[in-house]
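Engineer: would you be able to build a 3D model of this:
(2 chains)
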Amino acid sequence: MNRTVLRLLKRLGFYALIAVVLFYAIFPFYYAVVTSLKPSSELFRVDFWPSSFDLVNYARILGEKSFVRAILNSILVSFSVVFIALLLGLTASYALGRVRFRGRTSVLLIILGVSMFPQVAVLSGLFEVIRVLDLYNNPAGLVLSYTIFTLPFTVWVLTTFMRQLPQELEEAAIMDGATPWITITRVFLPLMWPAMATTGLLAFIAAWNEFLFALTFTLTDDQRTVPVAIALISGGSQHELPWGPIMAASVTVTVPLVVLVMIFQRRIVSGLTAGAVKG
Amino acid sequence: MASVTLEKLNKVFGNTQIIKDVDLTIGDGEFVVFVGPSGCGKSTLLRLIAGLESITDGELSIGERVVNDLPPRERGVGMVFQSYALYPHMTVYDNMAFGLKLAKADDQTVEQRVMETARTLQLETLLERKPKELSGGQRQRVAMGRAMARNPQILLFDEPLSNLDASLRVQMRNEIAQLHHRRGSTVVYVTHDQVEAMTLADKIVVLRDGRIEQVGSPQTLYQRPATRFVAGFIGSPTMNFLPAELCDASPDGCRVAVAGVGELDLHQDAGETSGQRLTLGIRPEHLRLDAAEGDNRFTIVNVEYLGNEVYVYLEPREGDTLLIHRSEAPSDWQVGQDVALHVDVEHAHLFDASDRALTIATQRHAA
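Structural biologist: Presented below is the predicted three-dimensional model:
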């Protein structure tokens, strides 16, 4: 009797904790969704349940040409960053994980060190670089600066993963007459999809959500990315913050991420735990 | 098909010399097995031939060509790895076709070669499967197929059977032997298992600490081991070693005293100096047991019954390696019994202080 109660309590506590975590994680996003669906007249009444289903905010932001343009810019920049980071990360990880050379560990540590600087610290230096390369107010400048911050992570994860692939597999490819490039693309790449999906997705999220560089390195509306565009959505007067459209915009740009995570979630899990256990 | 010649081959990793001045000739169509304890350099030697390791010093030729600086694909070698190392994402067919496609063979040739190889290895029904859907023996065969598909002059095997269970190992051993008979290609095979070496090889190369200890046919190695190391390594159960003292030597033979066993007249030419410390080597099947008499008294510590034969373990006079006697089953010997040892002098081996085998005297005169 006593034991059953105890077990019940334990189970109850377990689910209570899960509920707390879920609430903590989801509530802000949920509140954004609820707010985005309200007409502006009801905005400042606190409702925890969707009281109305009004798509006027969505209509407004999607009708705005600069916002649509910003979404396209974001897509362009993020996919470019993912592509470049994975390409460079894969080739670098082959060199760092497979080729024995002097100073390999130092190179890895320097790469890791780069990612530890706060963005603000490199902001002015990077600005000069972008000016010199004539990439100011150009999505290519953003691709360049985001890649700097996503590459270290990509290289580290892929290098770790690459090292776990059996040595004999590479040697078998060499015996079959494969060059390093063929070994990477036709033998290693198909085996590294989980790791590629994980790192690619994290790079995508980082690039999609980045704000500081996007604000600093762009000037005109048609070159902006989504986070900056949202921050610069303005109301009728300078004293009005148009929360409805802002929330609608936020929800709109979050949806692609959620969809991507859903698609790749199994890959991500297997990517992050790969090598933890044999199998 | 081609021969392989190794001339004063050396390999140094950092400060350690793995391979030391290895000279070896592998004839066309020969099945050569490298055998030795772990760390003796046998795998390294194979990888030097394959081209997976660079040669520090010396010359390696395949056929007439010196191949020191050629990459693996230009050496005409195929290799089977210990872990098989099949490409997990490719089907059996693609695994075998990969090398051919990289060599820019046209589609028809690729298909023809793969199908031919698959037929030889009885893989035709498995061509569409992925490696993870195959059993250990099948994977092993695919690995061989991949190595053979490009029709290499030389096939290299790196401990190919060590991942299989005992019965499958015997079966695959037979298949490899038959394959070699059919194809007649030159094979270099690395193993630490002396049974594999004995059963498969035309020629066994025993390696120790990066040097060749002895090269010879299985019969030579078993019947006339050149050193005590080879004598102990080849044969199972291992040869018994007993300390012996030289009493008398003549051109026709010698007389040695073995503690417990007494004085024996052997055919070996022991040189002149009497009183030398020697080692008598005698295989388990060349020992005879009798009722104990006088000083010739050894205690039986264990009896192993294997069905067709019986191993009797005896307490040695010196050291702690048990002496082994092997005989046909059944046997009446009991643990705890004291027995006398009789050595079959025709089959006894004698090793000098530096562990070299002493030659048979009469043989030398005849030569």
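
Engineer: you'd agree residue B:108 is in a helix?
Structural biologist: Yes: counting by DSSP: H, G, I helix; E, B strand; the rest coil, one finds residue B:108 located in a helix.

Engineer: and residue A:89, how many residues sit next to it?
Structural biologist: For residue A:89, the count of nearby residues is 28 (other CB atoms under 10 Å in any protein chain shown). C-beta coordinates here come from the backbone N, C-alpha and C atoms, glycine included.

Engineer: distance check, it against residue B:300.
Structural biologist: Between residue A:89 and residue B:300 the computed distance is 67 Å (CB to CB, to the nearest Å).

Engineer: for stretch B:79-98, list the C-alpha coordinates in PDB.
Structural biologist: Presented in PDB, the C-alpha positions along stretch B:79-98 are these (Å, rounded to 0.1, in the frame of the first residue of the first chain):
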ATOM      1  CA  MET B  79      44.000  -6.300 -49.900                       C
ATOM      2  CA  VAL B  80      41.600  -7.900 -47.500                       C
ATOM      3  CA  PHE B  81      41.400  -6.200 -44.100                       C
ATOM      4  CA  GLN B  82      40.900  -7.700 -40.700                       C
ATOM      5  CA  SER B  83      37.700  -5.800 -40.100                       C
ATOM      6  CA  TYR B  84      36.700  -6.300 -43.800                       C
ATOM      7  CA  ALA B  85      36.200  -2.500 -44.100                       C
ATOM      8  CA  LEU B  86      33.400  -2.800 -46.500                       C
ATOM      9  CA  TYR B  87      31.700   0.400 -47.500                       C
ATOM     10  CA  PRO B  88      28.600   0.300 -45.300                       C
ATOM     11  CA  HIS B  89      26.400   2.500 -47.600                       C
ATOM     12  CA  MET B  90      27.100   0.500 -50.800                       C
ATOM     13  CA  THR B  91      25.600  -2.800 -51.900                       C
ATOM     14  CA  VAL B  92      27.800  -5.800 -52.400                       C
ATOM     15  CA  TYR B  93      27.900  -5.100 -56.100                       C
ATOM     16  CA  ASP B  94      28.900  -1.500 -55.600                       C
ATOM     17  CA  ASN B  95      31.500  -2.500 -53.100                       C
ATOM     18  CA  MET B  96      33.200  -4.800 -55.600                       C
ATOM     19  CA  ALA B  97      32.700  -2.400 -58.500                       C
ATOM     20  CA  PHE B  98      34.100   0.700 -56.700                       C
END
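
Engineer: buried residues in it?
Structural biologist: Residues of stretch B:79-98 classed as buried by neighbour count (16 or more other CB atoms under 10 Å in any protein chain shown): B:79-87, B:89-98.

Engineer: which residues in the chain form helices?
Structural biologist: You didn't say which chain, so I picked chain A. A:2-36, A:56-63, A:65-98, A:104-114, A:119-132, A:139-164, A:167-175, A:180-182, A:189-191, A:193-209, A:212-217, A:226-231, A:243-273 (DSSP state H).

Engineer: try again with chain B
Structural biologist: Taking DSSP H, the helices of chain B run over residues B:42-50, B:72-75, B:92-102, B:107-120, B:136-149, B:166-183, B:194-200, B:218-223, B:228-233, B:361-366.

Engineer: sorry, back to before: make JSON lines out of the helices of chain A and add mean pLDDT.
Structural biologist: Listed next are the helices of chain A as JSON lines, based on pLDDT from 0 to 100:
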{"stretch": "helix A:2-36", "mean pLDDT": "91"}
{"stretch": "helix A:56-63", "mean pLDDT": "85"}
{"stretch": "helix A:65-98", "mean pLDDT": "92"}
{"stretch": "helix A:104-114", "mean pLDDT": "88"}
{"stretch": "helix A:119-132", "mean pLDDT": "90"}
{"stretch": "helix A:139-164", "mean pLDDT": "90"}
{"stretch": "helix A:167-175", "mean pLDDT": "92"}
{"stretch": "helix A:180-182", "mean pLDDT": "92"}
{"stretch": "helix A:189-191", "mean pLDDT": "87"}
{"stretch": "helix A:193-209", "mean pLDDT": "88"}
{"stretch": "helix A:212-217", "mean pLDDT": "90"}
{"stretch": "helix A:226-231", "mean pLDDT": "89"}
{"stretch": "helix A:243-273", "mean pLDDT": "80"}
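
Engineer: next, format the ones you listed as a markdown table and append distance to residue B:269.
Structural biologist: Shown next, in a markdown table, are those (distance: least, CB to CB, whole Å):
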| stretch | distance to residue B:269 |
| --- | --- |
| helix A:2-36 | 85 |
| helix A:56-63 | 103 |
| helix A:65-98 | 56 |
| helix A:104-114 | 58 |
| helix A:119-132 | 83 |
| helix A:139-164 | 58 |
| helix A:167-175 | 49 |
| helix A:180-182 | 59 |
| helix A:189-191 | 62 |
| helix A:193-209 | 67 |
| helix A:212-217 | 88 |
| helix A:226-231 | 93 |
| helix A:243-273 | 68 |
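
Engineer: so which of those comes closest to residue B:131?
Structural biologist: Among these, the nearest to residue B:131 by CB to CB is helix A:167-175 (11.1 Å).

Engineer: right, is the closest one up against chain B?
Structural biologist: Yes: judged by CB under 8 Å from any CB of the partner chain, helix A:167-175 comes into contact with chain B at A:168-169, A:171-175.

Engineer: in TSV: those, plus distance to residue A:109 and neighbour count.
Structural biologist: Putting the residues of helix A:167-175 next to chain B into TSV (distance: CB to CB, whole Å; neighbours: other CB atoms under 10 Å in any protein chain shown) gives the following:
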residue	distance to residue A:109	neighbour count
A:168	29	18
A:169	27	20
A:171	28	19
A:172	31	27
A:173	29	23
A:174	29	19
A:175	34	28
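
Engineer: among the residues you listed, which one lies nearest to residue B:233?
Structural biologist: Nearest to residue B:233 out of these is residue A:168 (CB to CB; 26.6 Å).

Engineer: distance of the closest residue to that closest one other than its chain neighbours relative to residue B:52?
Structural biologist: Using CB to CB, 6 or more residues apart in numbering or on different chains and skipping the chain neighbours, the partner closest in space to residue A:168 is residue B:85 (3.8 Å). From residue B:85 across to residue B:52, the span is 12 Å (CB to CB).

Engineer: hang on, isn't the residue nearest to residue A:168 packed against residue A:174?
Structural biologist: No: with contact defined as CB atoms under 8 Å, residue B:85 does not reach residue A:174; the gap is 10.7 Å.

Engineer: settle this for me: residue B:137 is touching residue B:167, isn't it.
Structural biologist: No: the criterion here is CB under 8 Å, and residue B:137 misses it with residue B:167 at 9.9 Å.

Engineer: who are the neighbours in contact with residue B:230?
Structural biologist: By CB atoms under 8 Å, 6 or more residues apart in numbering or on different chains, the contact set of residue B:230 is B:206, B:213-214, B:221.
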